[in-house]
Every structure is written in C-alpha cells, then in structure tokens.
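Colleague: Next come a sequence and a model predicted from it.
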Amino acid sequence: MTDKKNRRSQAWYGKLDKDGFIHRSWMKNQGFPDHVFDGRPIIGICNTWSELTPCNSGLRVLAEAVKRGVWEAGGFPVEFPVMSLGETQMKPTAMLFRNLLAMDVEESIRAYGIDGVVLLGGCDKTTPGQLMGAASVDLPTIVVSSGPMLNGKYKGEDIGSGTDVWKFSEAVRAGDMTLQDFMAAESGMSRSAGVCMTMGTASTMASIVEAMGMSLPTNAALPAVDARRTSLAHLTGKRIVEMVEEDLVMSKVVTKNSFENAILANAAVGGSTNAVVHLLAMAGRVGVDLNLKDFELGSDVPLLVNCMPSGKYLMEDFCYAGGMPVVLKELGDQLRPANTVLNKDISVFADGAECFNRDVIYSYDAPLKPASGLRVLRGNLAPNGAIIKPSAATDALLEHEAEAYVFDSIEDLKANIDRPDLPVTKDTILVLKGCGPKGYPGMPEVGNMPIPQVLVEKGVRDMVRISDARMSGTAFGTVILHVSPEAQAGGTLALVQTGDRIRVSASKGELELLVDEAELETRRAAWQPDQPHYDRGYAKLYIDHVMQADKGADLDFLVGKDTRPVTRESH
C-alpha cells in the first residue's frame, strides 16, 4: 500500500498548520467528519453533467454510483464540475471549446488536492477534452462514459441519431418525405438520456477509450439507462482507489501501443473521422509521437460492426451482441500489448467475450466489409494530409476525377446550394473553404455538404465533397475532410477555383489539384486571408494559437504535460 504521507492530497489535508486548518475546515461545512482526512485516497469525480448537454444528462446518477464505489474501497470521493460541451446545442461549434474544456480539466485537477480522477463524459468533445486535460497532469485516471441512448423509433422502425436526420432531410428536399412526417420523426429520435446511438463520435470515442484500456470493459456500449452502466460506475469508483494505491498514473496506461490499438478498433467499428483529430491531440498531451501516417495502420482492417452510419444497426444492438469485448477478441493478435486501468494487458478485456448476433458483429475472417479503415490522402491539395472514411462512402466515387464547384464560405454554400441554376452535375466535386480550425473558427461538422437541390430532385444522394472542415461521426458519404493546411492558413485549398479539375484516389492515398504550378503561384501571390471572426476573448486566443488538423487542432502552448507539485499556498 502507498504511504499515506506521500499522497498528493496530504499537501492539502495532512498539514497541522494554518493552511491545513483552512483546507479541512471549509470542507467540513459539507458535513465531512475528521476521519475522512486521515490520509485515505481522495478521488475527484470530474463531471460534465449539464442540461445543455443532453448526451450527458444522466451523469449525475453515475456520479453517485462512482461515489459508492469510492467509499466502499476506502476512498473519499469529491465531485467537481467542468465546462460541458453540448455538441447539438453550441454555436459556432463545440470543437471550438474542446481545448477550453481541456484547460479547465487540467487546471482543476492540478489546483485541487486529489489523488486520482474519474472522468464522467460522453458527448463528442467531452471525452477527448477531459482526457487531454488529465493527461497533462498525469494522475491515476479512469473514464466512465454516459452511454448511448435507446434506439430511436419511427413508424415501428429503428432510426438513428444524425444518420437518419441527414437521410430524412434530403428526402424532404427531394419531395420524398412530407414536412409533417419529418417533424413526427423528431419526437421518436431521442428517447432517453445518452449520446447518439449510432456509431457517431461519442460512441466512437467510448469504444476507443475501452480499446485503449482507459475504462473498465463494456463501458462503450451499455445503454445510458441500463442498470449495468450504473453498476459499472460503482465498480469504476472502487477501481480508481486501487489505482491510486498502485500508483497507476495515466502515462503508465497510455502508450504508443494504446494509440495503435485505438486506430485498429476505430477501423473495426466503422468509427468517426473525428477520432483522428482527437487521438492526435491526446497523443500530444501524453507525449506519444503519433502522426497521420500511423492511421494507415487501420486502412486494411475490415469492418466488423454493422452499425450506422456504416451499417444498419444501433449501439443498443451492438451492446446486446457483445460489445467491444467481442471486437477486441476478433482483432486478436492484431492488438498490440498494452497496459490498462486493470493493470493487466488489453487482451484480458476480451476474456470470455461471446458474440450473440453475427449480423451485428462480424468475424474478422468473414467481415461486413473488407479493408474499410480511414484513409489518409495527400497531394498538392492537402500537403499535410486529409481524411476519408471508405466504409461510409460510395465505392464508385473513391476513385474520381472531375471539375470543382467552389463555395468560399459556409454562408456562400447556404445561400447558393439550392439555386435551381447551380451549374453542377452528379460528377462535380463540391469544395468548401474557410471551415478549418482558424477559419470558422473551430473546424465545424459541415464537411458533409448538402447535395445541391437540382441533383437531389434527380435522385442523387452522394457526391465527392472536399473541405477543411470535419463531419459528424453519424454522417456518411464520399466526404474528404480535415484538409491541411486549411484555407485560412494559406493552404492550397484557398486557391481552388470553380472549374479546376481535382483527382481523388482513395486506394493510392492521393488528392491532387490538376492546375499548373505556375498558375497556383500567381493565385497564391494574390491571395489574402479573411478577416478573423473574433478579436477578443477565448476565441481570439484559439485563433492565434490553434494548430492544424494534422496536429490535432490543440493549442500550441498546451502540448505536453506539467506534473510538478503545486507548492504555493493561497493564504
């Protein structure tokens, strides 16, 4: 057992002087007795609960369960709030504030007298933001996700968050669905607390967290309202106390192998493209050398999970089929040796795993789709890389060459996408600028541009689309994202004009603007960046310091960690 005198929290609560008096006495106004300050592990419960983050609305219940587990194991649980990022509610985009959440988490953990931390998150940016912040302090850390909602229902059929919203929206635009039916579907889409029940970014990140060994097994897929998730939270509270005793800090769990396992798992579950930018940012905090080339590791991994948007089922079905333990079992020897929060190799997460529905989780030898992992594209249009998700794309468009139609901003797109005289065909490549980290700012999920009205009415449902933006993990289509450098930073994307020819080859990893270099140099000399949308506050700080997508879009001064003890007192 760890010497109680050496615990971090004792620098706050173990001193028999004025400072110790202050720290203890004010905590006692909540009814805590003397003996909880006897040197037992003090566990912070970092909660992103908020009524403005519907995905995380069940976290209060989970926090209480974590506390039960902490008390049972002989620890002292203390819950604290941090900024909550509601993906569906925030403007201009929750991604703008991921790094602010990471700062909030990091500084809260550092400033308070805790020995270990349980991260309660779920909605897309809360999970990576919390992990980024925790990594920079490096205490014993474990995650409990909020869990997915129950399956959506409409006219007796299952419908999925995001994925069916995009489908229904296009159907209304095409005249194939009435506005009345569209509005009726809204009421059946979100039937309980929890994150998107498709394999969107939230469920992708929960799956990745499990594959990295940063949560207990089964964390990814248990529905938010399932009693087993509450039980899992209790067990997590118990485990974090043991992790403190073992001095199992985050850097002893998360290594390069952990990130490689995350990449393999993301491919196998048909995970979100957003995993790329989040994993890159997390690696920067942990101190692991991860780059876009590493994501090619997943390019040959087959698709095993038949969940929207790459398949037809939902997270509730994934859970009942066996969840991530089955996926990890199917990956088998592909997984790298890596430690976990259990202080055992990741292979133990697959122990006893059994698949109960092979139409939901396929075997590695007979997958749903072969070689479906994310692909990294490079070329003169994306010198530092871009991302495409083949499992959610139209196969025939993965090798494509055509003329571009360019939208210079999101306002340009919204004003013109439904023009009846828009000069586009089903082969046209749509290009959107000004939606990268600096340009929007915040790199929003607008990369899956709507199909032009003139083509929707003709039955077109997919086109090649290119931007410096992201797209929702629930979205689908032949969408090329995260073009780096972005347009606002002077990337080649800024120089593309309507009528230019572009060539895409997913198989070769190529993205080329077929314009003479001399012409591009002429355009570059005449180019000027747009005026920033913000000139004060956090948004200005973000614009001035955010790195490009291929670096994870973290703030440059936040990369790395600072594990020095805080020695200066407040009084």
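Modeller: Sure thing, it's come through.

Colleague: got any ranges where the stretch 51-200 of the chain has weak pLDDT?
Modeller: Low-confidence segments of the stretch 51-200 of the chain, defined by pLDDT under 70: none present.

Colleague: Identify the residue nearest Pro565 in space, chain neighbours excluded?
Modeller: Distances taken as C-beta to C-beta, 6 or more residues apart in numbering place Ala11 nearest to Pro565, at 6.8 Å, with adjacent residues excluded. For glycine as for every other residue, the C-beta is placed from the backbone atoms N, C-alpha and C.

Colleague: quick one: pLDDT of that neighbour?
Modeller: Note for Ala11: predicted pLDDT of 96.

Colleague: Can you get me a residue count around it?
Modeller: 17 (other C-beta atoms under 10 Å).

Colleague: cool, the one 5 residues further on as well?
Modeller: The burial metric for Leu16, expressed as a neighbour count using other C-beta under 10 Å, is 8.

Colleague: cool, and Asn29?
Modeller: 7.

Colleague: And it, how far from Gly284?
Modeller: Using C-beta to C-beta, to the nearest Å, Asn29 is found at 40 Å from Gly284.

Colleague: How about Thr141?
Modeller: Counting by C-beta to C-beta, the gap from Thr141 to Gly284 is 17 Å.

Colleague: The two: which is more packed in?
Modeller: Legend: neighbour count by other C-beta under 10 Å for Thr141 and Gly284, higher for Thr141 (28 against 23).

Colleague: what's the more buried one sitting at in phi/psi?
Modeller: Backbone torsions for Thr141, taken as degrees, to the nearest 10, come to phi -140, psi 140.

Colleague: and it, what does it touch?
Modeller: Gly116, Val117, Val118, Leu119, Leu131, Ala134, Ala135, Met214, Val249, Met250, Val253 (C-beta atoms under 8 Å, 6 or more residues apart in numbering).

Colleague: What's the separation between the residue nearest to the first one when sequence neighbours are not counted and Val241?
Modeller: Closest residue to Gly116 apart from its sequence neighbours, by C-beta to C-beta, 6+ apart: Pro140 at 3.8 Å. When distances are taken as C-beta to C-beta, Pro140 and Val241 turn out to be 9 Å apart.

Colleague: Spit out the residues that contact the two alike.
Modeller: Going by C-beta under 8 Å, 6+ apart, residues that sit against Pro140 and also against Val241 are Gly116.

Colleague: Now do the strands in the stretch 301-450 of the chain.
Modeller: 375-379, 382-388, 399-407, 429-432 (DSSP state E, counting those that start in this stretch).

Colleague: The last one packs against which elements?
Modeller: Using 3 or more C-beta pairs under 8 Å, 6 or more residues apart in numbering; DSSP states H and E as the contact definition, the elements that strand 429-432 packs against are strand 399-407, strand 465-467, strand 501-505.

Colleague: quick one: strands adjacent to that strand?
Modeller: According to DSSP bridges, strand 429-432 forms sheet pairs with strand 399-407 (parallel), strand 465-467 (parallel).

Colleague: Centre of the chain to that strand, how far?
Modeller: Strand 429-432 sits 25 Å away from the centroid of its parent chain (C-alpha atoms, centre = their mean, to the nearest Å).

Colleague: tell me which residues in that strand are buried?
Modeller: Buried residues in strand 429-432, counting neighbours by 16 or more other C-beta atoms under 10 Å, are found at Ile429, Leu430, Val431, Leu432.

Colleague: Contacts made by it with the rest, please.
Modeller: 400, 402-407, 410, 413, 424, 446-447, 449, 452, 463-469, 493, 496, 502, 504.

Colleague: Let me know the average pLDDT across it.
Modeller: In this model, strand 429-432 has a mean pLDDT of 98.

Colleague: After that strand, which helix or strand is next? Please name it.
Modeller: Downstream of strand 429-432, the first helix or strand assigned by DSSP states H and E is helix 453-456.

Colleague: confidence score at Thr201?
Modeller: Thr201 is given a pLDDT of 96.

Colleague: Is it in contact with Met471, as I believe?
Modeller: No. Using C-beta atoms under 8 Å, Thr201 makes no contact with Met471, being 9.6 Å away.

Colleague: Out of the buried residues of strand 429-432, which two are the most distant from each other?
Modeller: The largest separation in the buried residues of strand 429-432, counting by C-beta to C-beta, is between Ile429 and Leu432 at 10.8 Å.

Colleague: got a list of what Ala402 touches?
Modeller: If a contact means C-beta under 8 Å, 6+ apart, then Ala402 has Asp427, Thr428, Ile429, Val464, Arg501, Ile502 as its contacts.

Colleague: of those residues, closest to Tyr320?
Modeller: Tyr320 lies nearest to Val464 out of the contacts of Ala402, by C-beta to C-beta, at 36.3 Å.

Colleague: which residues does the nearest residue to that closest one once chain neighbours are set aside form a beta bridge with?
Modeller: Leaving aside its chain neighbours, Val464 sits nearest to Ile429 (4.6 Å; criterion: C-beta to C-beta, 6+ apart). Beta bridges link Ile429 to Ala404 when assigned by DSSP bridges.

Colleague: now Ile429: how far from His482?
Modeller: 17 Å.

Colleague: For Val61, see how far away Met308 is.
Modeller: 27 Å.

Colleague: can you pull the buried residues of stretch 23-34?
Modeller: Neighbour-count burial for stretch 23-34 [16+ other C-beta under 10 Å]: His23, Arg24, Met27.

Colleague: should've said stretch 491-511
Modeller: Neighbour counts over stretch 491-511 (16+ other C-beta under 10 Å) mark 491-496, 500, 502-506, 509-511 as buried.

Colleague: One more: stretch 323-334?
Modeller: By 16+ other C-beta under 10 Å, the buried positions in stretch 323-334 come out as Gly323, Met324, Pro325, Val326, Val327, Leu328, Lys329, Glu330, Leu331, Gln334.

Colleague: With stretch 57-70 instead?
Modeller: Buried positions in stretch 57-70, judged by neighbour count with 16+ other C-beta under 10 Å: 57-59, 61-70.

Colleague: which residues are contacting it?
Modeller: Against stretch 57-70 from outside (C-beta under 8 Å, 6+ apart): 43, 45, 47-51, 76-77, 79, 118, 120-122, 144, 146-147, 193-194, 224-225, 229-231, 233-241.

Colleague: Among the residues you listed, name the ones in helices.
Modeller: Arg229, Thr230, Ser231, Ala233, His234, Leu235, Thr236, Gly237, Lys238, Arg239, Ile240, Val241 (DSSP state H).

Colleague: Closest one of those residues to Leu368?
Modeller: Of the ones in helices among the contacts of stretch 57-70, the one sitting nearest to Leu368 (C-beta to C-beta) turns out to be Arg229, at 26.4 Å.

Colleague: Can you name the residues that contact that closest one?
Modeller: Here Arg229 is in contact with Leu62, Gly147, Leu222, Pro223 (C-beta under 8 Å, 6+ apart).

Colleague: If we use 7 Å, what do you get?
Modeller: Listed by C-beta atoms under 7 Å, 6 or more residues apart in numbering, the contact partners of Arg229 are Gly147, Leu222, Pro223.

Colleague: Same check on Gly323?
Modeller: By C-beta under 7 Å, 6+ apart, the neighbours of Gly323 are Thr218, Ala220, Ala221.

Colleague: Tell me the pLDDT of the closest residue to the first one other than its chain neighbours.
Modeller: Spatial nearest neighbour of Thr218, chain neighbours left out: Gly323 (5.6 Å); criterion: C-beta to C-beta, 6+ apart. Looking at Gly323, its pLDDT stands at 98.
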